[in-house]
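Please find the sequence and the predicted model below.
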Amino acid sequence: MTVLKTSFKSIVPDKVTTPAKFFLVGSFINGFANGIMNVVTQLWLMTLGFNSLELSSIIIMNTVGAFLFTLPAGILADRYGKRKMAMIGFFLFSIGQSIILTSTSFEMLSLGWLINGLGNGCTMVLGPIYSSLFDREDMDRAFGLQNFLNIMASSMGSLMGFIPPLLVERYGFSLQSSYFTMRATGTAFFFISTPFYIMVLRGLTEPEIRKGARFNLRSKSVVAKFSLLNTIQNIAFGFFALFPYYVNTKFGVKSDALGALYSASTFVQAGANIVAPKVSKRIGTLKTISAALGLCTPFWFMFAFAPDFTWLSALYILRLSISSLCNPLIPSLFYRLLYQDEKATANSITNMASMGSNIVGPRLAGYLMQDISLDTPLLLGPGLYVLYSTSFYLLLRNEKEKTS
């Protein structure tokens with residue numbers, strides 16, 4: 001217990017203000033909702049009769065919406081205030097979720113995910129807002145703390161995957177209605193998290209707002225490099241967007257086993273978030289990121305050869321235990337390389353690059369699974385990840401942190 005307490009203190013910044021605490025509570029509840037959604041959403045869509053191509057087409061509409069709105073939202077946030085853009089995002093997200101919960105057709109579900117994505121494009125400003133609540137020297141620990149709490153919440157949400165089978169066996173629910181019930185529950189928790197973010201926004205002190213939507217970006221090199229890196233990563237990572245579909249099709253896995261895997265893996269992630277700032281302090285943030293990305297790749301290659309879900313789960317957790325060291329360090333490094341008044345714009349550009357590649361990645365994975373082989377994305381993705389880990393170090397080794 002003493003060791004755990006000491007380890008947890010290593011990711012807690014020296015000063016956590018009241019707005020930061022509200023933000024972390026909202027983030028925790030949001031993480032719980034995400035845990036539920038990750039387990040049941042694709043399984044629910046499969047009960048509606050959608051195949052891998054249709055699934056990927058529906059899901060990427062969220063990315064399309066975010067891709068269209070992220071850059072304009074970031075520029076407008078730096079000019080007119082992050083508070084306004086975040087509120088618009090919450091409003092659009094509410095509309096999108098309402099459409100998803102009241103629809104079963106391909107067209108309407110795609111529309112719901114599209115509007116959902118527009119809202120996510122606006123709420124990309126939450127990352128820069130969170131970074132502004134801490135001193136620069138506390139940034140690694142601040143993002144480590146947020147990720148740790150998010151991971152624990154997601155673990156709890158993933159365990160909700162055990163509920164649909166119980167609803168079917170004991171209460172006579174159909175499989176479709178049991179998955180829908182849990183998705184609706186996840187949506188309710190998203191709405192519960194919103195007031196905590198709003199309390200942060202109400203007390204937010206923003207830099208002097210400049211008139212007009214003039215483009216403001218001084219750290220163009222940093223943004224271009226992170227945009228390229230995000231593109232490589234997300235094309236490689238397209239397989240994981242369809243992971244529930246993959247394990248259900250190949251091994252017959254349902255929400256209970258999938259939820260157990262996600263829950264177990266989140267404890268590994270939580271441990272990695274505690275360790276990451278310590279490793280970063282010893283060998284440097286950039287070296288830690290590049291090493292972790294490279295070392296996790298061999299386990300990813302082995303996915304295709306796993307004989308059953310138990311072996312696949314072991315490989316999944318091993319890969320995640322290493323790659324998760326990057327989770328708090330990448331955003332921390334990114335924001336330290338930027339000036340304060342360009343963070344929202346820069347974040348929007350890199351996220352737009354991520355969204356563009358996220359349109360390609362899952363769609364490509366869906367095509368490969370449907371028309372070539374279910375395991376084909378498992379051979380393409382790790383190869384790109386080798387390029388990603390190498391490029392991360394080579395591109396960023398000469399970039400300097402900003403002092404103001």
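Nice, thanks for sending it over. Just so you know, these numbers come straight off a predicted model, no measurement behind them. Residues are numbered from 1 along each chain as shown.

what's the following helix or strand after the one helix or strand in the chain whose mean pLDDT sits lowest?
Between all helices and strands in the chain, the lowest mean by mean pLDDT, DSSP states H and E belongs to helix 2-9, at a mean of 48. Downstream of helix 2-9, the first helix or strand assigned by DSSP states H and E is helix 18-47.

Might you calculate how far that next one sits from the centre of the chain?
10 Å (C-alpha atoms, centre = their mean, to the nearest Å).

Please report how far Pro128 lies from Lys220.
Separation of Pro128 from Lys220 (C-beta to C-beta, to the nearest Å): 17 Å. C-beta here means a position set from N, CA and C on the backbone, and glycine is covered the same way.

and these two? which has more neighbours close in?
Comparing Pro128 with Lys220 by other C-beta atoms under 10 Å, the one with more neighbours is Pro128, at 23 against 11.

okay, now the closest residue in space to that one that isn't next to it in sequence: neighbour count?
Spatial nearest neighbour of Pro128, excluding adjacent residues (C-beta to C-beta, 6 or more residues apart in numbering): Lys343 at 3.9 Å. If you count neighbours by other C-beta under 10 Å, Lys343 ends up with 24.

Need the pLDDT of Leu395.
What the model reports for Leu395 is a pLDDT of 93.

List the contacts of it.
Taking C-beta atoms under 8 Å, 6 or more residues apart in numbering, we find Leu395 in contact with 225, 228-229.

In JSON lines: these, plus secondary structure.
What follows is the contacts of Leu395, written out as JSON lines (DSSP: H, G, I helix; E, B strand; the rest coil):
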{"residue": "Lys225", "secondary structure": "helix"}
{"residue": "Leu228", "secondary structure": "helix"}
{"residue": "Leu229", "secondary structure": "helix"}
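
ok, and the most crowded of those residues?
Most surrounded of the contacts of Leu395: other C-beta under 10 Å gives Leu229, at 23 neighbours.

so that one sits right up against Thr390, yeah?
No. With contact defined as C-beta atoms under 8 Å, Leu229 does not count as touching Thr390 (10.7 Å).

what's Lys15 sitting at in phi/psi?
When read as degrees, to the nearest 10, the backbone of Lys15 gives phi -130, psi 120.

should've said Ser174
With angles defined as degrees, to the nearest 10, Ser174 sits at phi -80, psi 160.

State the number of residues packed around it.
Ser174: 11 neighbours (other C-beta under 10 Å).

how about the nearest residue to it, chain neighbours excluded?
Looking at Ser174 with C-beta to C-beta, 6+ apart, the closest residue is Val168, at 7.2 Å.

For the one you found, which residues are in contact?
Contacts of Val168 (C-beta under 8 Å, 6+ apart): 174-175, 178.

Show the average pLDDT along the helix or strand hosting it.
Element membership of Val168, judged by DSSP H and E, is helix 163-171. In this model, helix 163-171 has a mean pLDDT of 90.

buried set for the helix or strand following that helix?
Next helix or strand after helix 163-171 toward the C-terminus (DSSP H and E): helix 175-202. Buried residues in helix 175-202, counted by 16 or more other C-beta atoms under 10 Å: 175-183, 185-187, 189-190, 193-194, 196-197, 199-201.

ditto for stretch 281-293
So stretch 281-293, judged by 16+ other C-beta under 10 Å, has buried residues 285-286, 288-293.

Adding distance to Ile60 and secondary structure, write these out as CSV.
Output for those, formatted as CSV (distance: C-beta to C-beta, whole Å; DSSP: H, G, I helix; E, B strand; the rest coil):
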residue, distance to Ile60, secondary structure
Thr285, 31, helix
Leu286, 31, helix
Thr288, 31, helix
Ile289, 27, helix
Ser290, 29, helix
Ala291, 31, helix
Ala292, 27, helix
Leu293, 24, helix
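
Tell me the one among those residues nearest to Val360.
Leu293 (19.9 Å; C-beta to C-beta).

is it true that the closest one touches Ser389?
Yes. Applying C-beta under 8 Å, one finds Leu293 in contact with Ser389, separated by 3.4 Å.

and the residue nearest to Pro128, what element?
Using DSSP H and E, Lys343 sits within helix 343-371.

circling back to that earlier point, wait, what's in contact with the residue nearest to Pro128?
78, 128, 131-132, 335 are the contacts of Lys343 under C-beta under 8 Å, 6+ apart.

sorry, back to before: only C-alpha atoms, please: export the helix holding Val168 in PDB.
The C-alpha coordinates for helix 163-171 follow below in PDB (Å, rounded to 0.1, in the frame of the first residue of the first chain):
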ATOM      1  CA  ILE A 163     -24.200  -6.900 -17.800                       C
ATOM      2  CA  PRO A 164     -25.600  -7.700 -21.300                       C
ATOM      3  CA  PRO A 165     -25.300 -11.500 -20.900                       C
ATOM      4  CA  LEU A 166     -27.000 -11.200 -17.500                       C
ATOM      5  CA  LEU A 167     -29.800  -9.100 -19.000                       C
ATOM      6  CA  VAL A 168     -30.300 -11.800 -21.700                       C
ATOM      7  CA  GLU A 169     -30.100 -14.900 -19.300                       C
ATOM      8  CA  ARG A 170     -32.000 -13.600 -16.300                       C
ATOM      9  CA  TYR A 171     -34.300 -10.900 -17.600                       C
END
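
Now do the buried residues in it.
Within helix 163-171, the residues that qualify as buried are 163-165, 167-168, counting by 16+ other C-beta under 10 Å.
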